[in-house]
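In: Here is my input, please return the structure:
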Amino acid sequence: MSRRQQSLRFPDKNGQFRGGKRRGAGRPKQGKRASERHEKRPRLTGREPILVTVRVAPAVGQLRRWRVYHAIRRALATSLSRTDFRVVHISIQRTHLHLVTEAASHVALAKGMQGLLVSAARKINAASHRRGTVFPDRYHERVITSPRQCRHAIAYVLSNFRRHREDQIGGARSWTVDPMSSAVNFGGWRELASSQHRFDVPPWYERLPTSSPETWLLRVGWERHGKIATHAVPGPVAS
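Out: As a prediction, this is how the structure comes out:
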């Protein structure tokens, strides 16, 4: 007859038994999405762009402020030296960041994002004269596998301020593309196909530093479905 081994539990100095599964045990949940299921990170071959979304803690306040912009700009500069991880496109929204990245592997993606977010958190806190958590939840990633999906991802990130109607607020109304993004670095706008059209950037404006794409999808593949109009309002990224 088989016998099932029983676990041993010992009382503490007060005579109470501790251990075992119990309500409230484990690391406390911090963000609104901290209770989401932690799915296994994707296996990457280096040929797939990755759409990444990162949300910030409400206590940080809205991100679309110039001091936060420059904090993120300085953090991005620290990631330019990496050869296994690249930020190709990025936009700063009120409560979150959108990025289109490339990574040689899932480990490179994790380490690259960790380094970027740690640097960004420190610089945002310093710029905002605060302390505490900036990015409470895990970032969400989506692997891009087709030209159509890649085009949607680029448009979604660079024109997301139109989706949130930020293009109708303040100084953004005078910009053709989102100044709180890397949109001015992008050469795939439909309007730029005309030699008579160019984007006028104020002399005081400092661009977000991004890397040139190396994957086929981000270099040329996405253009199979046409260039992107600056005035278009993006929808959800297609599957």
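
In: what are the ranges of the helices in the protein?
Out: 66-79, 106-128, 147-158, 160-163, 216-219 (DSSP state H).

In: what angle separates the first one from helix 106-128?
Out: Pointing back at helix 66-79 there. 150 degrees (axes from the mean of the first three to the mean of the last three C-alpha atoms, to 10 degrees).

In: For helix 66-79, buried residues please.
Out: Val68, Tyr69, Ala71, Ile72, Arg73, Arg74, Ala75, Leu76, Ser79 (16 or more other C-beta atoms under 10 Å). No exception for glycine: its C-beta is placed from N, CA and C like everyone else's.

In: follow-up on the earlier one: ok, which of the helices of the chain comes nearest Val54?
Out: The closest of the helices of the chain to Val54 is helix 106-128. By C-beta to C-beta, the value is 6.6 Å.

In: what's the distance between the helix or strand bottoming out on mean pLDDT in the chain and the middle of its chain?
Out: Least confident helix or strand of the chain, by mean pLDDT, DSSP states H and E, is helix 160-163 with a mean of 88. For helix 160-163, the separation from the chain centroid amounts to 15 Å (computed by C-alpha atoms, centre = their mean, to the nearest Å).

In: quick revisit: as TSV, the buried residues of helix 66-79 with distance to Trp189 and pLDDT would be great.
Out: Output for the buried residues of helix 66-79, formatted as TSV (distance: C-beta to C-beta, whole Å; pLDDT from 0 to 100):
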residue	distance to Trp189	pLDDT
Val68	25	97
Tyr69	21	97
Ala71	27	98
Ile72	22	98
Arg73	21	98
Arg74	26	97
Ala75	26	97
Leu76	21	97
Ser79	25	90
